[in-house]
Structures are given as structure tokens and as C-alpha cells.
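In: Turn this into a model:
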Amino acid sequence: MQDQLKAAVRDVPDFPIKGILFKDITPILQDPKLFRLAVDTIADRQKGKNLKAVVGIDARGFIFAGAVAYKLGIGFVPVRKKGKLPYKTVVTSYTLEYGSETSEMHIDAINKGDNVIIVDDLLATGGTAMAAATLVKKLGGNIAEIDFLIELAFLKGRERLRDYPIFSAIQY
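Out: Numbers count the residues shown, from 1 in each chain. Here you go, the predicted structure:
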């Protein structure tokens, strides 16, 4: 099944900057069977766990996290870039492949002891996922797993997230 997903990912050279080979997931999103397969691949492994929410990472992570939360019948918690959430937030800053970023989550998004998963479309260096994990921990949440559709294993993001269980449907 993962072979079907991997075959649909489109390589876009030199995006967003020269020298980067971007993994484009829009062909998966445009195909209802593949989109369902991607969501089911993540959601089905979480069934029977005592989860309260799916934490989705801005922006493409929202696509999968929202659908996974819906399928599991649990809440969705957005992690957004600084200044995008309207209520009081917890904040963390981190470095990316090409700069630095700040992410935030509402202070009432997760209760102490809540079990959550974090979902994003792609694991590269792990900076964004680590920021989301930091926010969950600041609010006292427990991270059951961090799930990705795609992992760029050569960038070693899994090492940065070594304190958490990691799942990726597709590896490059």
C-alpha cells in the first residue's frame, strides 16, 4: 500500500530554493483513494489507544491531522506560526533548514495528562515536530506517537525526535 503512496509523490526540483528536491503530496490529495489510504495508514494504527487529540502542524500537517482526528472521533489541535492564533498561547522557537521559526498553541488546547499524537506531512530535520512536541509537553500532555506521511531519512530528523515513538508511511 505504501508503494502506491510513494509512487504518487511528485518530485519538484529547486523548490522552495535552488538545490532542494521538494516532495509534492498534492497528487495524493487529488486522488480520493490515495488520500483515504494516507489517512487510514495513520489513523488505523491509533485505534484502541486512549487519545484525546491529534496535534496538527501548520500547514500541510493540518490536512492529514484533521482527517485523522475526524476518523478517530477525537479533537484536533492546531500548532501555528507565531501570530496566527487568536487566544492566549504557549510559544517555542526553533531552527529550520533555511532559517528559524516560532510556533504556538492555545494554552487550553491540551490538558495535563492528555494522550495525543502529532501529525505532519513530512519529517525532514525534525525541528518543526520537535517544536510541536515541546508545546505539548509545556501543557503537560503525553505524546503517544509522532506520525508523518513522508520521512526524508537522510536528513536524520528521527534522531532529533529520539525520545518519542515515530512512524512514517513513506521513507526516502
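In: pLDDT wise, what is the closest residue to residue 60 other than its chain neighbours at?
Out: For residue 60, ignoring the flanking residues on the chain, the nearest one in space by CB to CB, 6 or more residues apart in numbering is residue 121 at 4.0 Å. Every C-beta, even on glycine, is put in place using the N, C-alpha and C of the backbone. Residue 121 carries a pLDDT value of 98.
In: what ranges do the strands span in this protein?
Out: Counting by DSSP state E, the chain has strands at residues 10-13, 21-24, 53-57, 75-81, 89-96, 99-106, 115-123, 142-151, 166-171.
In: Look up the residues forming beta bridges with residue 21.
Out: For residue 21, the beta-bridge partners are residue 13 (DSSP bridges).
In: that older thread, out of the strands of the chain, the one nearest residue 35 is which?
Out: Of all these, it is strand 142-151 that lies closest to residue 35, at 10.5 Å by CB to CB.
In: the inter-axis angle of the closest one versus strand 115-123?
Out: Angle of strand 142-151 versus strand 115-123, following axes from the mean of the first three to the mean of the last three CA atoms, to 10 degrees, is 20 degrees.
In: Let me see the contact set for the residue nearest to residue 60.
Out: By CB atoms under 8 Å, 6 or more residues apart in numbering, the contact set of residue 121 is 25, 60-61, 63-64, 148-150.
In: and which of those residues is nearest to residue 44?
Out: residue 64 (13.1 Å).
In: Nothing else from me, thank you.
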